[in-house]
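>>> give me a model of this one.
(4 chains)
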There are 2 protein chains.
Amino acid sequence: MASGISLKELAAELKLAPSTVSRALNDSYEISEATKKKVISMAEKLNYHANPFARSLRENKSKTIAVIIPERINNFFAQVMDGIEEIAQEQGYHLLIYNTHEDLERERKIVNLLLNGRADAIVMSVTSQTSDISHLQKLHDRGLPIIFFDRIRAEIPTTKFITNDYESAYEGTKHLIQQGCKKIALFTLCKDLSISQERKRGYNDAILSEGWEPDPALTLYCTHDEEKNVKLIEELLLSPDRPDGVLTSVEKLAFATYQAVKTTKLRIPSDLKLISFSNSAIAGLLNPSLTTITQPAVTIGNECAKLLIRKLTKPKHYELIDQVITIPSKITVRESTVSL
Amino acid sequence: MASGISLKELAAELKLAPSTVSRALNDSYEISEATKKKVISMAEKLNYHANPFARSLRENKSKTIAVIIPERINNFFAQVMDGIEEIAQEQGYHLLIYNTHEDLERERKIVNLLLNGRADAIVMSVTSQTSDISHLQKLHDRGLPIIFFDRIRAEIPTTKFITNDYESAYEGTKHLIQQGCKKIALFTLCKDLSISQERKRGYNDAILSEGWEPDPALTLYCTHDEEKNVKLIEELLLSPDRPDGVLTSVEKLAFATYQAVKTTKLRIPSDLKLISFSNSAIAGLLNPSLTTITQPAVTIGNECAKLLIRKLTKPKHYELIDQVITIPSKITVRESTVSL
DNA sequence: ATAAAATGCGGAAACGATTTCGAAATTATG
DNA sequence: CATAATTTCGAAATCGTTTCCGCATTTTAT
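Just a heads-up that it's a prediction; the model follows:
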């Protein structure tokens, strides 16, 4: 109903064969410049737009990239999406967005949907639940180009983009130590996530580098329920063994910590220093301003899209080799970690 | 390459005609339960997934909704997108995302792209540049269901979702007055945007309701360049006629105001009270915490998607009538507007 | 001057699904 | 038992492209 004129009708109008018109519009060498001009001007006049489905059906490609993110769009994912969108639009690619909402079953469903070719490639960040990866394996086996970012799975032999999670966590923890913290806690998500593990490793090694013994009680595995997280953090902060420094592995846990602190008598940074992975643009406006480890989210999005599109346009020349590309984060020190 | 088995191959495997298999999978009444069972189980076994392009080509619909937003994904648009995604996924619809980056030319291009049926419907918020709306008119004329939200265009006779911009701005301004402000400024975007106009109207009427004379110099039309905005705001705040209260029409201008205030000797809220339209989850953690007018972004997204999908699935029963549906915002008073 | 090659275009098949139409097989009806 | 009605399925057309193949006609080579 909404669709306009077809190629056949355009051809009839021009008294040419559909094949000729198609070739003219695709700038084929077999067509004379004269007819090309005629065809193109008539196409413009009649407002002809090729039916994308007919083309996709015939060519077996969709000029579409699917982006799968694991949770509601936060600052980080928003910036990655912006980064992907920027390149995709520039290259004439379309963007499909899916959200697994941290649900493995939904992830499976979505991935299976994409098995039928609706998208030419996939950029994704897995759910924290993703233990069984057979659905991802199947995608890859089918030859569908797929790139992981942030929450990656090393088992799938493809290119992955992350930030320097280990080093950033190490440096962040070191920073807390330099600021005088003696008992440093880590607030993180699911144990199973690669980034959680890497960040924990960095945190642990920083502690060890001081000759200290890491205390398992100081690693808090949080949930996806915001209120519950605040409660958990409150409990820890009210306990006699409370930490005097915290590294939060994701933005929202930093905010939860600010919330939790409110109900205690503690003050940031005098009683508790806080540093967090965060892509919030207003970390500097918080009370107190938040020391952040900022991930290069837009760049990650850009690079994912660039690499995928190169692979799609020149499949022979580019391979999504099994490698992890690391783009470093940047630490910005603010009030939450400096003693007054 | 990535595509799997076709209907024809599945049919061959079953020693049935493609038509029969198609009908079986679509649960047609013409097919016996016995063969349906056989077909379905074989389809599962061979991991058959219908080619979406063949289906779309034949049925002339894509089960896809396009979302067009005018700028990088901020809190508001992220929440709207989440809201749309939620319903779309539930109903088996796919989501295409486009960003016009406040550029009318890009908006035209994107809209023209969608003219060929790639999406069954559109949810959009126009750019601040959108003066000529012939491209939107054409979309609507072609019968492509389209819904506007937030930044709407009244000229296109379809359903639009907004918040109570006028009332919220009125109430917000009144709140500033009640807190003792005598000179209230409005920081807003482009004059041409419907929401800007409505919010300005609310602001103006609140001023008039006090018997005051609105001062044009107190309305600041900001740009899309963050740094420039900070400069503009600084200038105003340093002028002898500086305001003692500010209503910002969008979130980012509130943040710009916080930035600008830093370089002045002014204090919020004692010297300057600030209230802003904002969907930031951490407004309460700012320094000082920010009084906000929070738009029902997720709900707006939900409602857009619900209405569109109803229209798409039952075109006879639902019409996207020319109306503006208003979902009220909620004012949350925090430190930035209350004297200590 | 004739053969060979290049040019410019048309006809028709193909992509993979849905659907109209019709035919065969089964059951019901008189 | 003969005919009608119903159930169940197959053949073929169709959606709008692209592309393989073929056929003139013109240009170049021998």
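>>> and the residue of the stretch 51-200 of chain A found nearest DNA strand C, what helix or strand is that in?
Closest contact between the stretch 51-200 of chain A and DNA strand C, by Cβ to the nearest atom of the strand, is at residue A:58 (3.7 Å). C-beta: built from backbone N, CA, C; applies to glycine. Following DSSP states H and E, one finds residue A:58 within helix A:52-59.
>>> so which bits of that helix are buried?
A:52, A:53, A:54, A:55, A:56, A:57 (16 or more other Cβ atoms under 10 Å in any protein chain shown).
>>> regarding residue A:230, what is its secondary structure?
Reducing the assignment at residue A:230 to three states with DSSP: H, G, I helix; E, B strand; the rest coil gives helix.
>>> next: residue A:191.
coil.
>>> list the contacts for it?
A:197, A:221 (Cβ atoms under 8 Å, 6 or more residues apart in numbering or on different chains).
>>> now the one 3 residues further on
Neighbouring residues of residue A:194 by Cβ under 8 Å, 6+ apart: A:151, A:152, A:153, A:154, A:162.
>>> turn those into TSV, columns for neighbour count, distance to DNA strand D and pLDDT.
As requested, the contacts of residue A:194 are exported to TSV (neighbours: other Cβ atoms under 10 Å in any protein chain shown; distance: Cβ to the nearest atom of the strand, whole Å; pLDDT from 0 to 100):
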residue	neighbour count	distance to DNA strand D	pLDDT
A:151	23	37	97
A:152	22	35	96
A:153	16	35	95
A:154	10	37	94
A:162	22	37	98
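>>> phi, psi for the closest residue to chain B within the stretch 201-340 of chain A please.
Relative to chain B, the nearest point of the stretch 201-340 of chain A is residue A:287 (3.2 Å; Cβ to the nearest Cβ). With angles defined as degrees, to the nearest 10, residue A:287 sits at phi -120, psi 100.
>>> do residue A:275 as well
The phi/psi pair for residue A:275 (degrees, to the nearest 10) is phi -130, psi 140.
>>> for it, give me its contacts.
By Cβ under 8 Å, 6+ apart, the contact set of residue A:275 is A:172, A:175-176, A:245-248, A:290-293, A:331, A:336-337.
>>> okay, and the beta partners of it?
Beta-bridge partners of residue A:275, counted by DSSP bridges, are residue A:247, residue A:291.
>>> how about the strands of the stretch 151-300 of chain A, start to end?
For the stretch 151-300 of chain A, applying DSSP state E, counting those that start in this stretch gives strands covering A:159-162, A:184-188, A:219-221, A:245-248, A:273-277, A:291-294.
>>> let me have the ones you listed in TSV, extended by distance to residue B:229.
Listed next are the strands of the stretch 151-300 of chain A as TSV, based on distance: least, Cβ to Cβ, whole Å:
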stretch	distance to residue B:229
strand A:159-162	32
strand A:184-188	34
strand A:219-221	39
strand A:245-248	30
strand A:273-277	27
strand A:291-294	22
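>>> out of the ones you listed, nearest to residue B:66?
Using Cβ to Cβ as the measure, strand A:159-162 is the one of those that comes nearest residue B:66, at 26.8 Å.
>>> can you give me the buried ones in the closest one?
Per 16+ other Cβ under 10 Å, strand A:159-162 contains these buried residues: A:159, A:160, A:161, A:162.
>>> distance of the last one from residue A:204?
To tie it back to what came earlier, the one meant is residue A:162. 18 Å (Cβ to Cβ, to the nearest Å).
>>> likewise for the first one?
Between residue A:159 and residue A:204 the distance is 28 Å, computed by Cβ to Cβ.
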